[in-house]
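In: my questions are about this predicted structure, shown below with the sequence.
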Amino acid sequence: MAHRYLIDGMLSHPVPTRPLREMGADRVLAVHLKGTWANGSAPRHLLDVIGQSFAIAQNAMSSLWRQAADVVVEPDVGDFAYDDFKHADDLIRMGEVAMRKALPEVQLWLESKAEASPHGVERRRSPRSAPMPAD
């Protein structure tokens, strides 16, 4: 894109809450999909081994990105494999259930934004940032 290479931030920013804050986001709703790479059985192939290694690294970093999120939505996808595409409808349903649980908080954001200022710009009482710098 425009003579640049864009790469998924899987390890540097598995859930990019910090870069969003640095770009000026007042509210950050993070969605974390923690699929299952290993279900107690032996890896099927090298990609399972690599995937589990990435999952461990991402889990270890979760406290960093969570600090920059106002709300974290985590659909209950633990019973699904990372490549369980045949259950896409079930996965979508799990995401919908998780988001519906977060809606009351999002509704509070909308209400507070409408009351925040006459210019419609919400002001945060104290900015929140995470210790992990964006690349």
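Out: Okay, I see it. Residues are numbered from 1 along each chain as shown.
In: give me the helices and strands touching the helix or strand of the chain with the lowest mean pLDDT, please.
Out: The least trusted helix or strand in the chain, going by mean pLDDT, DSSP states H and E, turns out to be helix 46-67, with a mean of 84. In terms of contacts (3 or more C-beta pairs under 8 Å, 6 or more residues apart in numbering; DSSP states H and E), helix 46-67 is packed against helix 17-22. C-beta: built from backbone N, CA, C; applies to glycine.
In: circling back to that earlier point, for the helix or strand following the least confident helix or strand of the chain, which outside residues touch it?
Out: Toward the C-terminus, helix 46-67 is succeeded by strand 71-73 as the next helix or strand (DSSP states H and E). Residues outside strand 71-73 that contact it (C-beta atoms under 8 Å, 6 or more residues apart in numbering): 15, 28-32, 66, 95, 98-99, 101-102, 105-106.
In: are any of the residues you listed buried, and which?
Out: Buried residues within these, counting neighbours by 16 or more other C-beta atoms under 10 Å: 15, 28, 29, 30, 32, 95, 98.
In: just the ones of those in helices?
Out: Here DSSP state H is the test, and those give 95, 98 as lying in helices.
In: among the buried ones among the contacts of strand 71-73, which pair sits farthest apart?
Out: Using C-beta to C-beta, the pair of the buried ones among the contacts of strand 71-73 lying farthest apart is 28 and 95, separated by 17.7 Å.
In: just to revisit the earlier point, pull out the buried positions in the least confident helix or strand of the chain.
Out: 48, 51, 55, 58, 61, 64, 65.
In: pLDDT value on the nearest residue to residue 94 once chain neighbours are set aside, please?
Out: Once flanking residues are discounted, residue 94 sits nearest to residue 75: 4.2 Å by C-beta to C-beta, 6 or more residues apart in numbering. You'll see residue 75 listed with a pLDDT of 93.
In: again with residue 115
Out: pLDDT for residue 115: 61.
In: could you work out the most separated pair of the contacts of strand 71-73?
Out: Once C-beta to C-beta is applied, the contacts of strand 71-73 give 66 and 95 as the farthest pair, at 18.5 Å.
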